[in-house]
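Need coordinates for the following:
(4 chains)
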There are 2 protein chains.
Amino acid sequence: MDATAKAGIMAARTGATPEKPGAKRLDRATIIAAGLELAETTGSASLSIRDLGAKLGTDPTAVYRHFRGKDELMSALLDELTLRSLAAVTADPERWQERLRQLASATLTEFARYPAVGQEAIVLTTHGPGELDAIELMLDAFSRAGLTGDALVQHYALMATHVLSIAAGVARARAERATAAPADSSPWFEGPLLVDPIKHPHIAQMSAQLLDLKDRELFMLGVESVIRSAERTARSA
Amino acid sequence: MDATAKAGIMAARTGATPEKPGAKRLDRATIIAAGLELAETTGSASLSIRDLGAKLGTDPTAVYRHFRGKDELMSALLDELTLRSLAAVTADPERWQERLRQLASATLTEFARYPAVGQEAIVLTTHGPGELDAIELMLDAFSRAGLTGDALVQHYALMATHVLSIAAGVARARAERATAAPADSSPWFEGPLLVDPIKHPHIAQMSAQLLDLKDRELFMLGVESVIRSAERTARSA
DNA sequence: TCGCTCGTGTCAACAGTGTTGACACGTGCG
DNA sequence: CGCACGTGTCAACACTGTTGACACGAGCGA
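Purely as a prediction, here's the structure:
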C-alpha cells in the first residue's frame, strides 16, 4: 500500500511537469545548469529555491544538500559565468588589449543573458576557481602592457571594478525592463527625458544625444579608457 | 488644543528614541528621515517596511499611504542622498574638476553611510529632482572642460556610471561585512589571498599590493581617469 | 450644527521568500 | 547480512512586501 502510493506519486511527478522528467539524484553540476536555465527565463525577479526545485523535479530543499545556502549557490552560478567569459578569450596572449576587450565583452554578454545571476556580481568575490583565473588574466595583460608595481594592480583593479560593477548594473537594468527584447544593446536612458530648459539647460540641449547612448557602447568605452591609460602609463615609464 | 497637541507631538518626535513614542500623523519627509536613520544602523540587511513602521511608531502599512510601494520609497531615499551629495559641491563652477571630485567623493560617503540605500543605486534612475540636478552639474562641468556633442555626453555617462555603480558596489560590500568599523576606506580584497604560485604567478607576486588596495582610493582613481580623459579630449579638439 | 466624504492609521490576511529539523528511503561498505 | 550515511521529502518557522476591509477624525458644504 505504501509502495503503491509512492509509485503513484512518482508517476504523477514525471508526467505533469514541463521540467526534466525523472531526475532524482542531484549534484552540483545539474543544479547549476538548471539554475542558469532558470535565470535565463525569469525576467525581472531573482530565481527562487522553490522554482529551482520545481525545475529539477525534486523538493526545493534538496538543493541544501549540495549548497550551504542561496549565497553559495549564487556564487557558484556567478563563477560559472566567469568561467564561460574566460573561455571566450581566444586572442594570442601577446595581444593583451584584445584579450581584455574579449573578456569584458563576454562578461557583459553573459551577465545580460542571465540577469538574475549578473546582478549578484556587485559583490566582488565569488571565491571560485573562475575568479582567480580572471584576475590572473587581467594581471597578465597589464603586465604585458609594460606595467609593474602599483600601476599594475591599479589598472587591474580599475578594469575589474568597471567590468563587474557596470555589467552587473546593465544586467539589473535589463532585468527590470522585462518587456524589452533581449537586444544586444539597450538605451541607457528610459523615459522621454522632458526637462525645464531653464533649470537644466545642458540636459535639454543634449537630450537627443543622451537618449542615443547605448549601454554596451558605453561599457566598452570605459574598457578602452582603461586600456589607453595603461598604454600611456607604460610609455611614460 | 489642536495646536498644542501638534507641538507636543513634534517635540516628542524630535527627541531621538529607538522608536518615536507617539507620532501619529505621517508625511513623506518624516518617513524619509526615519528610513535613512534606519538604513544607517542596519548593517547588512535591507530595511524592511515592518522595521520602518516600528521606528515611526505606527503600523507598518501606514507607509503605503504616502508611497506607492517599497520601490518608490527607496527611490525617494536615494534621491535624498543625491541631494545631499549635491549640497557638498561647493567649489566655484569654473573649477569643474574640483566640482566633479567633490560630487563623486560625497556620493561615496553618503552611500557608504547608508548602505541599504546605496545598494539601490545600480538602478540608475531615481526619477527625483536630485537626479536631474546631478546630471546637469556633470554636463556643466564637462562643458566647461571644453567638450561638446558626443564627447560631452560620453564623458558624463562614463563618470555617472562609474560613480553610481562603484559607489553602490562599495556600499553593498561594506554592508555585508557588518562587523567592520565604518572606516573611511576599506580594503578591496577580503581574505588572505592564498594562491598556487604556479597556476597564478601574477597574483602570487602582487598579493601584497592587491591587499593594499583601498576602495576609496580606487574609486577616486577612476574619477581622475575620466577627468584626465576629458582634459585630453578637449585639448586635442 | 448636521452630515458626509476623504485621507489616514489599523488590523488581519495572503502569497511569497530562505531556511531548518525530523523523517524515510536507498545505496554501498564493512 | 546489517548498519550507517547520504539524500530526497515534508511540515513548519520566521521573515518579507502588499492588499482589502474597517474605523476614526478633520474638513467642508448646506
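
ranges for the helices of chain A?
A:2-16, A:28-41, A:49-56, A:70-87, A:96-113, A:115-118, A:129-144, A:149-176, A:201-212, A:215-235 (DSSP state H).

Which residues does the fifth one contact?
Looking back up the chat, that one is helix A:96-113. If you take Cβ atoms under 8 Å, 6 or more residues apart in numbering or on different chains as the criterion, helix A:96-113 is touched by A:40, A:81-82, A:84-86, A:88-93, A:117-118, A:121, A:134, A:137-138, A:140-142, A:144-145, A:159, A:163-164, A:167-168, A:170-171, A:174, A:182, A:216, A:219-220, A:223-224, A:226-227, A:231. Any C-beta I mention is one placed from the backbone N, CA and C, and that applies to glycine too.

Intersect the residues you listed with the contacts of chain B.
Among the contacts of helix A:96-113, the residues within reach of chain B (Cβ under 8 Å from any Cβ of the partner chain) are A:140, A:164, A:168, A:226.

Mind checking which of the contacts of helix A:96-113 are buried?
A:81-82, A:84-86, A:89, A:117-118, A:121, A:134, A:137-138, A:140-142, A:144-145, A:159, A:163-164, A:167-168, A:170-171, A:174, A:216, A:219-220, A:223, A:226-227 (16 or more other Cβ atoms under 10 Å in any protein chain shown).

Quick check: the residue most central in space within chain A vs DNA strand D, distance?
Centroid-nearest residue in chain A, with Cα atoms, centre = their mean: residue A:111, separated by 2.5 Å. Taking Cβ to the nearest atom of the strand, to the nearest Å as the measure, residue A:111 falls 25 Å from DNA strand D.

now swap in residue A:141 and tell me
39 Å.

what sits against that residue?
A:96, A:97, A:99, A:100.

Determine which two of the residues you listed are furthest apart.
The distance between the two most remote of these (Cβ to Cβ) is 7.3 Å, for A:97 and A:99.

More neighbours: which of the two?
The neighbour comparison of residue A:97 against residue A:99 (other Cβ atoms under 10 Å in any protein chain shown) goes to residue A:99, with 20 against 17.

Is it possible to get JSON lines of the helices of chain A that adds mean pLDDT?
Converted to JSON lines, those look like this (pLDDT from 0 to 100):
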{"stretch": "helix A:2-16", "mean pLDDT": "31"}
{"stretch": "helix A:28-41", "mean pLDDT": "94"}
{"stretch": "helix A:49-56", "mean pLDDT": "95"}
{"stretch": "helix A:70-87", "mean pLDDT": "96"}
{"stretch": "helix A:96-113", "mean pLDDT": "97"}
{"stretch": "helix A:115-118", "mean pLDDT": "93"}
{"stretch": "helix A:129-144", "mean pLDDT": "96"}
{"stretch": "helix A:149-176", "mean pLDDT": "91"}
{"stretch": "helix A:201-212", "mean pLDDT": "95"}
{"stretch": "helix A:215-235", "mean pLDDT": "96"}
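
Which of the ones you listed sits closest to residue A:188?
helix A:215-235 (5.3 Å).

Next, the angle helix A:129-144 makes with the closest one.
Counting by axes from the mean of the first three to the mean of the last three Cα atoms, to 10 degrees, helix A:215-235 lies at 50 degrees to helix A:129-144.

C-alpha coordinates for helix A:215-235, CSV please?
The C-alpha coordinates for helix A:215-235 follow below in CSV (Å, rounded to 0.1, in the frame of the first residue of the first chain):
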residue,chain,number,x,y,z
ASP,A,215,24.8,50.7,-22.6
ARG,A,216,27.1,48.3,-24.5
GLU,A,217,28.9,51.1,-26.3
LEU,A,218,29.3,53.0,-23.0
PHE,A,219,30.6,49.9,-21.3
MET,A,220,33.2,49.3,-24.0
LEU,A,221,34.2,52.9,-23.9
GLY,A,222,35.2,52.6,-20.3
VAL,A,223,37.2,49.5,-21.2
GLU,A,224,39.1,51.4,-23.9
SER,A,225,39.7,54.2,-21.5
VAL,A,226,41.5,51.9,-19.1
ILE,A,227,43.4,50.3,-21.9
ARG,A,228,44.6,53.7,-23.2
SER,A,229,45.5,54.7,-19.7
ALA,A,230,47.6,51.6,-19.3
GLU,A,231,49.4,52.3,-22.6
ARG,A,232,50.1,55.9,-21.7
THR,A,233,51.4,54.9,-18.3
ALA,A,234,53.7,52.2,-19.7
ARG,A,235,55.0,54.6,-22.3
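
Now do it against helix B:149-176, angle only.
Using the same axes, to 10 degrees: helix A:215-235 against helix B:149-176 is 90 degrees.

which residues are in contact with helix A:215-235?
A:97, A:100-101, A:104-105, A:108, A:142, A:145-147, A:151, A:155, A:158-159, A:162-163, A:166-167, A:170, A:173, A:184-188, B:154, B:157-158, B:161-162, B:225-226, B:228-229.

Please check those residues and keep the buried ones.
A:97, A:100-101, A:104-105, A:108, A:142, A:145, A:147, A:151, A:155, A:158-159, A:162-163, A:166-167, A:170, A:173, A:185-186, A:188, B:154, B:157-158, B:161-162, B:225-226, B:229.

residues from chain A in reach of DNA strand D?
Residues of chain A lying close to DNA strand D (Cβ under 7 Å from any atom of the strand) are A:9, A:13, A:24-27, A:53, A:58-59, A:61-62, A:65-66.

Redo those residues as JSON lines? Include neighbour count and distance to DNA strand C.
JSON lines is the format used below for the residues of chain A next to DNA strand D (neighbours: other Cβ atoms under 10 Å in any protein chain shown; distance: Cβ to the nearest atom of the strand, whole Å):
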{"residue": "A:9", "neighbour count": "10", "distance to DNA strand C": "11"}
{"residue": "A:13", "neighbour count": "15", "distance to DNA strand C": "14"}
{"residue": "A:24", "neighbour count": "10", "distance to DNA strand C": "9"}
{"residue": "A:25", "neighbour count": "7", "distance to DNA strand C": "9"}
{"residue": "A:26", "neighbour count": "17", "distance to DNA strand C": "14"}
{"residue": "A:27", "neighbour count": "9", "distance to DNA strand C": "14"}
{"residue": "A:53", "neighbour count": "19", "distance to DNA strand C": "8"}
{"residue": "A:58", "neighbour count": "21", "distance to DNA strand C": "12"}
{"residue": "A:59", "neighbour count": "11", "distance to DNA strand C": "8"}
{"residue": "A:61", "neighbour count": "10", "distance to DNA strand C": "4"}
{"residue": "A:62", "neighbour count": "17", "distance to DNA strand C": "9"}
{"residue": "A:65", "neighbour count": "10", "distance to DNA strand C": "9"}
{"residue": "A:66", "neighbour count": "16", "distance to DNA strand C": "12"}
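
For the residue nearest to residue A:70 when sequence neighbours are not counted, the count of nearby residues, please.
Take residue A:70 and drop its neighbours on the chain: the residue closest to it by Cβ to Cβ, 6 or more residues apart in numbering or on different chains is residue A:49, 6.3 Å away. For residue A:49, the count of nearby residues is 17 (other Cβ under 10 Å).
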